[in-house]
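Trainee: Please find the sequence and the predicted model below.
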Amino acid sequence: MAQGPFFTNLLSSLNELIESGEPFRTESFTKLCDSIIDIFDHLGIMLSFAKHEMSHKNNSLKKASGQFKTLIEIVEEDKRTGNIVVKNSSGRNLHRLILVVSFIRKTFIYLLESPDTLLKSAVYKSYGETLGTIHTYPVRTAVWAGLFSLPYRETFINSIGETPDSAKDAAQRFVVLCEPVVARISSLFDETQIPTSDLMIIPKQVPNSS
C-alpha cells in the first residue's frame, strides 16, 4: 500500500537508525527527528512551539555529532562533566527529543486503538505521559486548553498524505519498530534526575533554552 511522504520519510529514517546498530549513531537519530518535526504543522497552532523547540534541540545534536558519533557518547560525556542537567546541553536536549519521539509514538498508539478515537483524545493522553511530565503546570494547562483547536482525525490523516487504511498500516509499523529505540535511548538516562522545564508560558519563538 502506497504511503504518503510523512510516513515514507519517517519509516526510512527509523530503519536507518535501527540498521546503524547499537550504540545508536547521533547523525542517524537527528535524521529521525527531522522526519518527525513536520508533523507538528498538522497538529494545530498550540503545538507549533514543540516544532520550534525540537528543531532547536536537534540542531544542537547535529553540531555535536562531529565530536560525538553515538548518543551514548553524548550522555556519558555530559554525565562526566555534570552538564547533563544543564539547560541546552546536548545530553539534556537528547532527553527532550526522545520524549518528543515517544509523544508521537504514543499518539499513534491511541489512534490505533479505535477508528473512533478523536485526535485530541489521543494527543491528550500521549502528551500527559511524555512531554507533560517535564512541562510546568501553566504550560500543561495551555496545551490542554489548546487541544480543542486540533483538527479532526480525518483531516489530520489527509493532511499528512494518508488514507485511513494506509495510515493504519504505517502507524502500526512505526509503533512496533520504535518501541525498542525509545526504550534503549531512554535507558541512557536511568538514575539521572533530569530537571523539568522552567518555561511558564508557551513561547512564540524558539527560546534560548528550556
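Mentor: Arrived safely.

Trainee: By mean pLDDT, flag the weakest helix or strand of the protein.
Mentor: Per-element confidence for the chain was summarised using mean pLDDT, DSSP states H and E. The lowest value among helices and strands belongs to helix 137-146, with a mean of 88.

Trainee: What helices and strands are in contact with the helix or strand following it?
Mentor: For helix 137-146, the succeeding helix or strand toward the C-terminus, using DSSP states H and E, is helix 153-159. Contacts defined by 3 or more Cβ pairs under 8 Å, 6 or more residues apart in numbering; DSSP states H and E place helix 153-159 against helix 164-187. Backbone N, C-alpha and C define where each C-beta goes, glycine included.

Trainee: Contacts for the helix it packs on, please.
Mentor: Residues from elsewhere that reach helix 164-187 (Cβ atoms under 8 Å, 6 or more residues apart in numbering): 1-4, 7, 10-11, 14-15, 17-18, 22, 24, 29, 71, 94, 98, 101-102, 105, 108-109, 111-112, 115, 154, 157, 160, 162.

Trainee: Of those residues, which belong to helices?
Mentor: With helices taken from DSSP state H, the overlap with the contacts of helix 164-187 comprises 7, 10-11, 14-15, 17-18, 29, 71, 94, 98, 101-102, 105, 108-109, 111-112, 154, 157.

Trainee: Where does pLDDT dip in this structure?
Mentor: 1-3, 200-210 (pLDDT under 70).

Trainee: ok, and for stretch 117-130, which residues are buried?
Mentor: Residues of stretch 117-130 classed as buried by neighbour count (16 or more other Cβ atoms under 10 Å): 119-128, 130.

Trainee: and stretch 181-200, which residues are buried?
Mentor: The neighbour-count criterion (16+ other Cβ under 10 Å) identifies 181-182, 185, 188-189, 197, 199 as the buried residues of stretch 181-200.

Trainee: go on, stretch 149-158?
Mentor: Buried residues in stretch 149-158, counting neighbours by 16+ other Cβ under 10 Å, are found at 150, 153, 156-158.

Trainee: tell me, what residue is most central in this structure?
Mentor: Centroid check for the chain by Cα atoms, centre = their mean gives Val100 as the closest residue, at 2.0 Å.

Trainee: residue contacts, the closest residue to that one other than its chain neighbours?
Mentor: Here the nearest residue to Val100 in space, its sequence neighbours aside, is Met54; by Cβ to Cβ, 6 or more residues apart in numbering that works out to 5.3 Å. With contacts defined as Cβ under 8 Å, 6+ apart, Met54 is in contact with 33, 36-37, 40, 96-97, 100.

Trainee: Quick one: classify Met54 as helix, strand or coil.
Mentor: Of the three states, Met54 takes helix according to DSSP: H, G, I helix; E, B strand; the rest coil.

Trainee: Which of the buried residues of stretch 149-158 sits closest to Lys62?
Mentor: Distance to Lys62 across the buried residues of stretch 149-158 (Cβ to Cβ) is lowest for Phe156, with 28.3 Å.

Trainee: In contact with the residue nearest to that closest one when sequence neighbours are not counted, which residues?
Mentor: Residue nearest to Phe156 in three dimensions, not counting chain neighbours: Leu119, with 5.2 Å by Cβ to Cβ, 6+ apart. With contacts taken as Cβ under 8 Å, 6+ apart, Leu119 has the following neighbours: 43, 111, 150-153, 156.
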